[in-house]
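Visitor: what's the 3D shape of this:
(2 chains)
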There are 2 protein chains.
Amino acid sequence: MNTSSKLLDRAVEHFSKLPGIGKKSALRMALFILKQPKENVELFAQSLISLRSDVKRCKICNMVSDSELCPICSSPSRNRSVVCVVESVRDVLSIENTQRYNGLYHVLDGIISPIDGVGPSDLPIAELEERIKKGEIKEVILALSTSMEGETTSYFIYNRLKKYEIVISSIARGVAFGDDLEYTDELTLAKSIENRQPFKI
Amino acid sequence: MNTSSKLLDRAVEHFSKLPGIGKKSALRMALFILKQPKENVELFAQSLISLRSDVKRCKICNMVSDSELCPICSSPSRNRSVVCVVESVRDVLSIENTQRYNGLYHVLDGIISPIDGVGPSDLPIAELEERIKKGEIKEVILALSTSMEGETTSYFIYNRLKKYEIVISSIARGVAFGDDLEYTDELTLAKSIENRQPFKI
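Guide: Presented below is the predicted three-dimensional model:
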């Protein structure tokens, strides 16, 4: 961007690095900042700095947290015998939003991807194994994506954990509620028939 | 947003105030910030603060600028007898991008809109009149939108300036280059016939 102000150019440059933001949206954001009260802009800037420098990772599950243990791991009302393995912080928030899961999590914060140079040792899989060795966990639910990388990671974790006396499950795949069969991809439809469930009222 | 970290919540809150950004995109941005090198986040934060506190407005045309006069008003190669009146900084950048206009600008940084409590005296229209009184300007091009507010503002400025010996023009409206007549709205199409131009090769 080459506007009439270097300060504006620089802010646009920073905004356009954000995920999903192009030059035009970045300009819109920078001009929006220009119109905000000074205090609000300072609070925003300060919030970015403290987010980056003060946020911790839960030492049990690797979730973002303000203290050493995240609210989920430190809650007495959660079921400590089930752990759901997810790729990212966003996945935890999505599952929490359903309000139907009461177990714990393990956030990999990444996925095995040789192309991006991410191997198994870059992910906290040894930490997951340590949690299981303690004996409290009875089930591990793999909730990774069905991409090549997700399947590889699931398979790697399965291989690593199968020697323990725990159930290793994976979330159900099938036709989403409200979706038409007509518009469902063939793989999902085929799997949904293969993995059919007893009818419940 | 109610995540496992108050710091994260606060950053998401700030991001979601940006134009066009909902909670989900805001969360994506905040998690992106978490993964950036500390220095980059500090540069970003600093850039926001200095954008807000150090950017000036050109004292002639009201464009954003790092100094008292913007690069356009201080350029010796611009045609100082034509002034294009626009609503926003973005409009100046769009017109500059065409590289086909060599005159000056007057940025209203708003538009007359009684609903939003913006009256003529909130816009730098008196300043525009002062520029014209100096006698150098021979033409004012109104490049405001065709919304009710835009038309009102154009009409107000026209009324205010018509007593001076200048040409007051408005940008051409018509069927855009590459557009099909079939898909052009009726008003635009009707006006494009009414305002037809001599055919040029």
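Visitor: Pull the number of nearby residues for the nearest residue to A:S50 once chain neighbours are set aside.
Guide: Spatially, and ignoring its direct neighbours in sequence, A:S50 is nearest to B:L7 (5.7 Å; Cβ to Cβ, 6 or more residues apart in numbering or on different chains). Just so you know, the C-beta spots here come from the backbone N, C-alpha and C atoms, and that holds for glycine as well. If you count neighbours by other Cβ atoms under 10 Å in any protein chain shown, B:L7 ends up with 21.
Visitor: how far away is B:L7 from A:S16?
Guide: 24 Å (Cβ to Cβ, to the nearest Å).
Visitor: and what of A:L34?
Guide: Here A:L34 is placed at a distance of 16 Å from A:S16 (Cβ to Cβ).
Visitor: tell me the mean pLDDT over the helix or strand hosting A:A190?
Guide: Using DSSP states H and E, A:A190 sits within helix A:186-194. What helix A:186-194 shows for mean pLDDT is 86.
Visitor: Could you list the residues in contact with stretch A:88-108?
Guide: Contact with stretch A:88-108 is made by A:60-64, A:72-73, A:77-87, A:109, A:123-125, A:127-128, A:131, A:139-141, A:143-144, A:153, B:3-4, B:27-28, B:31, as judged by Cβ atoms under 8 Å, 6 or more residues apart in numbering or on different chains.
Visitor: Where does pLDDT dip in chain A?
Guide: Within chain A, the ranges that satisfy pLDDT under 70 run A:1.
Visitor: how is it carved up into domains?
Guide: A:6-54, A:75-170 (automatic domain parsing).
Visitor: Which of the ones you listed has the highest mean neighbour count?
Guide: Mean neighbour count (mean count of other Cβ atoms under 10 Å in any protein chain shown) peaks for domain A:6-54 among the domains of chain A, with a mean of 18.
Visitor: And A:R196, how far from A:L142?
Guide: For A:R196, the distance to A:L142 - Cβ to Cβ - is 21 Å.
Visitor: Format the domains of chain A as a markdown table; extra columns: distance to B:S94.
Guide: Below are the domains of chain A laid out as a markdown table (distance: least, Cβ to Cβ, whole Å):
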| stretch | distance to B:S94 |
| --- | --- |
| domain A:6-54 | 10 |
| domain A:75-170 | 35 |
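Visitor: all helices of chain A, in order?
Guide: A:6-15, A:23-34, A:38-54, A:89-98, A:125-133, A:148-161, A:186-194 (DSSP state H).
Visitor: and the ones you listed as TSV, adding distance to B:A190?
Guide: Formatted as TSV, these follow (distance: least, Cβ to Cβ, whole Å):
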stretch	distance to B:A190
helix A:6-15	39
helix A:23-34	31
helix A:38-54	46
helix A:89-98	50
helix A:125-133	68
helix A:148-161	56
helix A:186-194	51
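Visitor: And those: which comes nearest B:K38?
Guide: helix A:38-54 (5.7 Å; Cβ to Cβ).
Visitor: Compute the inter-axis angle for that closest one and helix B:6-15.
Guide: Interaxial angle, helix A:38-54 versus helix B:6-15 (axes from the mean of the first three to the mean of the last three Cα atoms, to 10 degrees): 140 degrees.
Visitor: Please report the distance of the residue of chain A most remote from its centre from chain B.
Guide: Within chain A, the residue lying farthest from the chain centre (Cα atoms, centre = their mean) is A:S4, at 40.3 Å. Between A:S4 and chain B the distance is 5 Å, computed by Cβ to the nearest Cβ, to the nearest Å.
Visitor: got the phi/psi numbers for that residue?
Guide: phi -90, psi 0 (degrees, to the nearest 10).
Visitor: leaving aside the residues next to it on the chain, what's closest to it?
Guide: B:C70 (4.6 Å).
Visitor: circling back to that earlier point, report the contact partners of the residue farthest from the centre of chain A.
Guide: With the criterion set at Cβ under 8 Å, 6+ apart, A:S4 makes contact with B:C58, B:M63, B:V64, B:S65, B:C70, B:P71, B:I72, B:V92.
Visitor: from those, which ones fall inside strands?
Guide: B:V64, B:S65 (DSSP state E).
Visitor: can you redo the contacts of A:S4 as CSV with distance to A:N159?
Guide: Shown next, in CSV, are the contacts of A:S4 (distance: Cβ to Cβ, whole Å):
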residue, distance to A:N159
B:C58, 66
B:M63, 63
B:V64, 58
B:S65, 62
B:C70, 64
B:P71, 62
B:I72, 65
B:V92, 61
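Visitor: Give me the most central residue, chain A.
Guide: Most central in chain A under Cα atoms, centre = their mean is A:S88, positioned 1.8 Å from the mean C-alpha point.
Visitor: could you check the distance from it over to B:V92?
Guide: Counting by Cβ to Cβ, the gap from A:S88 to B:V92 is 41 Å.
Visitor: quick revisit: quick check, distance from the helix holding A:A190 to the centre of its chain.
Guide: Remark: helix A:186-194 is offset 26 Å from the chain centroid, using Cα atoms, centre = their mean, to the nearest Å.
Visitor: how about it: buried residues?
Guide: Across helix A:186-194, burial judged by 16 or more other Cβ atoms under 10 Å in any protein chain shown covers A:L189, A:K191, A:S192.
Visitor: If you count contacts, what does that helix end up packed against?
Guide: Judged by 3 or more Cβ pairs under 8 Å, 6 or more residues apart in numbering or on different chains; DSSP states H and E, helix A:186-194 has no packing partners among the helices and strands.
Visitor: What lies in contact with that helix?
Guide: By Cβ under 8 Å, 6+ apart, helix A:186-194 touches A:R173, A:G174, A:V175, A:L181, A:T184.
Visitor: 6 Å instead, please
Guide: Contact with helix A:186-194 is made by A:R173, A:G174, A:V175, as judged by Cβ atoms under 6 Å, 6 or more residues apart in numbering or on different chains.
Visitor: Then stretch A:163-172?
Guide: Contacts of stretch A:163-172 (Cβ under 6 Å, 6+ apart): A:I132, A:K138, A:E139, A:V140, A:I141, A:L142, A:A143, A:Y158, A:L161.
Visitor: excluding its backbone neighbours, what's nearest the fifth one?
Guide: In space, and not counting its chain neighbours, A:I141 is closest to A:C84: 4.4 Å by Cβ to Cβ, 6+ apart.
Visitor: One more: the third one?
Guide: When the adjacent residues along the chain are set aside, A:E139 lies closest to A:V167, with 4.3 Å between them (Cβ to Cβ, 6+ apart).
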